[in-house]
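**Q** next come a sequence and a model predicted from it.
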Amino acid sequence: MAKNKNNQAIWNTRIKKNSSNLFQKVGNSIDVDKRLYKEDIKGSIAHVEMLFKQKIISFKIKNKIIYGLNKIDKEIGNNKFEFNKKYEDIHMNIESRLFQIIGEEAGYVHTARSRNDQVITDFKIWIRAANNEININIDKVIKNTLKLAEKNIQTIMPGFTHLKNAQVISFAHYLMSYVEMFNRDKKRFLNNLDSLDENPLGVAALAGTSFNIDRNYTSRKLGFKRPTNNSIDTVSDRDFVLDFLYSISVCSMHISRIAEELIIWNSDGFNLINLSDKVVTGSSIMPQKKNPDLLEYLRGKSGNAYGNLFSMLTILKGLPLSYFKDLQDDKEIVFKSNDTLINCLKIFNEILKNCSPNKKKMLKLANTGYTTATDLADYLVKNHSMSFRKAYKKTASIVNLAEKEKKNLNELTLKELQKVEPKLKEDVLEIFDLGNSINSKKSYGGTSFDNIKKMIIKYKKKND
Ligand code: ARG
């Protein structure tokens with residue numbers, strides 16, 4: 001229950017009895033929302049400056065309040081502030097302390113505002129910074145991915161569809177596909193800033209206020225572009241929370257996909273990726289084990305991100321307008337998702353620095369599963385004027401032959417090949433060279449070594 005300096009509930013004139021002990025215990029949110037203290041103080045300072053400019057409060061009172069708020073800011077920053085659950089949330093904790101510091105004049109700070117607009121103002125400012133902070137961390141991931149890609153342009157591996165060997169690719173090309181994803185993530189977080197551009201402060205409880213406030217002024221002071229348009233919507237709106245949680249979910253999903261691939265490739269069955277001891281853990285019973293626990297952590301955490309998004313969607317489903325206590329959980333959900341993603345990005349960076357391809361094994365695997373079959377079909381189309389479908393069938397017969405002879409395609413002799421297609425000449429053998437296969441994929445976005453080099457240069461410039 002929110003109380004003032006005499007330890008009385010602020011609403012005790014109206015509500016005579018204390019709320020139940022249990023509710024006092026669970027209804028407060030201070031442990032969670034104290035994280036918004038800087039934003040709350042910043043919002044309050046902008047608010048009282050505006051109240052003074054509009055001649056709603058005096059110069060002296062404005063200064064006293066700002067003095068008190070700055071003092072509180074320092075106290076909290078220096079761990080000298082005693083947060084009290086009795087005061088419910090960060091807003092009431094700060095207001096109560098303001099009373100202690102400057103006395104009764106603290107009572108002016110809440111003129112023409114409500115906690116309903118106050119909390120969203122704080123939260124929007126916080127989420128705005130969080131979007132940027134996440135992008136700084138994504139940038140680091142992109143940089144490290146680019147570094148690994150740069151070292152592995154010539155590293156040949158099988159590309160998979162259905163996890164079956166499909167066509168040959170460069171390991172760098174694979175890594176660059178994640179650079180695309182992480183760049184889209186960055187864009188998504190950046191786009192969120194648009195919906196965070198509108199200032200909620202001044203809509204008060206839900207109806208606006210009879211005071212002659214200037215919401216454009218507080219917008220400018222707090223870095224918003226404009227005030228929100230409708231007071232009821234403003235108090236009820238948590239779309240910006242959903243956007244943030246969704247962006248986090250998508251980014252976590254990307255991390256979980258690459259984590260899963262690296263787990264599979266690090267498995268003894270594949271053995272395509274080495275992980276240094278820094279990013280593996282042992283087993284309590286099997287002395288030989290080196291497990292990719294960190295990657296599993298990354299894969300799993302996307303589940304939490306989706307859960308948080310779903311929690312928020314469910315809280316909002318069917319919730320009438322405008323403010324309800326239900327909404328209070330939004331902060332815990334957002335902080336959890338944010339912190340987990342930041343951790344995941346940091347861990348992922350460590351993994352990128354501590355993983356390397358097993359080049360020999362990659363090459364060996366790339367040479368199995370008839371990965372140059374499509375190249376042969378393309379060759380037949382280009383050199384023996386066949387339709388693609390006809391060339392596809394001829395190639396399938398050649399694959400059948402190789403399978404029967406227990407050979408890879410590049411182990412077949414020209415004679416054997418000519419049994420299926422007599423017109424074939426010596427130069428067909430070059431088609432089965434894996435490097436040639438990769439280099440032939442020069443179409444824009446394809447895996448040719450040149451394409452990859454260009455892409456890496458492009459993204460290095462972009463992320464500088
Ligand atoms: N701590 C509250 C929250 O985060 C602040 C808003 C309280 N408003 C109210 N009408 N009870 O939701």
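**A** Good, I have the coordinates.
**Q** quick check: residues of the protein near the ligand?
**A** Proximity of the chain to the ligand is confined to 29, 33, 89, 115-116, 119, 323, 327-328 under the rule Cβ under 6 Å from any ligand atom. Where you see a C-beta, it was placed from the backbone N, CA and C, and this is true even at glycine.
**Q** tell me how many other residues surround K360.
**A** 10 (other Cβ atoms under 10 Å).
**Q** quick check: the gap between it and N271.
**A** From K360 across to N271, the span is 10 Å (Cβ to Cβ, to the nearest Å).
**Q** so which residue of the stretch 251-400 of the chain comes closest to the ligand?
**A** As assessed by Cβ to the nearest ligand atom, the ligand sits closest to Q328 within the stretch 251-400 of the chain, at 3.6 Å.
**Q** need the contact list for the closest residue to that residue other than its chain neighbours.
**A** Leaving aside its chain neighbours, Q328 sits nearest to S29 (5.3 Å; criterion: Cβ to Cβ, 6 or more residues apart in numbering). S29 sits next to 88-90, 328, 331-332 when contact means Cβ atoms under 8 Å, 6 or more residues apart in numbering.
**Q** I'd like the mean pLDDT over stretch 60-71, please.
**A** When pLDDT is averaged along stretch 60-71, the result is 98.
**Q** residues touching it, excluding its own?
**A** 41, 44-45, 48-49, 51-52, 57, 94, 97-98, 101-102, 105-106, 108-109.
**Q** and stretch 322-339, by the same measure?
**A** Contacts for stretch 322-339 (Cβ under 8 Å, 6+ apart): 27, 29, 32-33, 35-36, 89, 116, 123, 127, 130, 134, 205-206, 232, 235-236, 238, 241, 244-245, 248-249, 304-305, 308-309, 311-312, 315, 319.
**Q** just checking, what packs against the longest helix along the chain?
**A** Counting by DSSP state H, the longest helix found in the chain is helix 115-151. Here helix 115-151 touches helix 37-53, helix 90-102, helix 171-195, helix 231-236, helix 239-266, helix 330-353, helix 449-462, going by 3 or more Cβ pairs under 8 Å, 6 or more residues apart in numbering; DSSP states H and E.
**Q** tabulate these (TSV), appending mean neighbour count and mean pLDDT.
**A** What follows is those, written out as TSV (neighbours: other Cβ atoms under 10 Å; pLDDT from 0 to 100):
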stretch	mean neighbour count	mean pLDDT
helix 37-53	22	98
helix 90-102	22	97
helix 171-195	19	96
helix 231-236	20	98
helix 239-266	21	98
helix 330-353	20	98
helix 449-462	15	94
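**Q** would you format those helices as CSV with distance to L275 included?
**A** As requested, the helices and strands packed on helix 115-151 are exported to CSV (distance: least, Cβ to Cβ, whole Å):
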stretch, distance to L275
helix 37-53, 39
helix 90-102, 42
helix 171-195, 15
helix 231-236, 48
helix 239-266, 6
helix 330-353, 7
helix 449-462, 23
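**Q** hang on, the earlier thing: which one of the contacts of S29 sits closest to K225?
**A** Ranked by distance to K225 (Cβ to Cβ), the contacts of S29 are led by K331 at 23.7 Å.
**Q** how many residues are close by D73?
**A** 18.
**Q** next: K406.
**A** Look at K406: counted by other Cβ under 10 Å, it has 7 neighbours.
**Q** quick one on the thing from earlier: farthest-separated two in the residues of the chain next to the ligand?
**A** D33 and Y323, at 14.8 Å, using Cβ to Cβ across the residues of the chain next to the ligand.
**Q** which one's more surrounded, those two?
**A** D33 (25 against 19).
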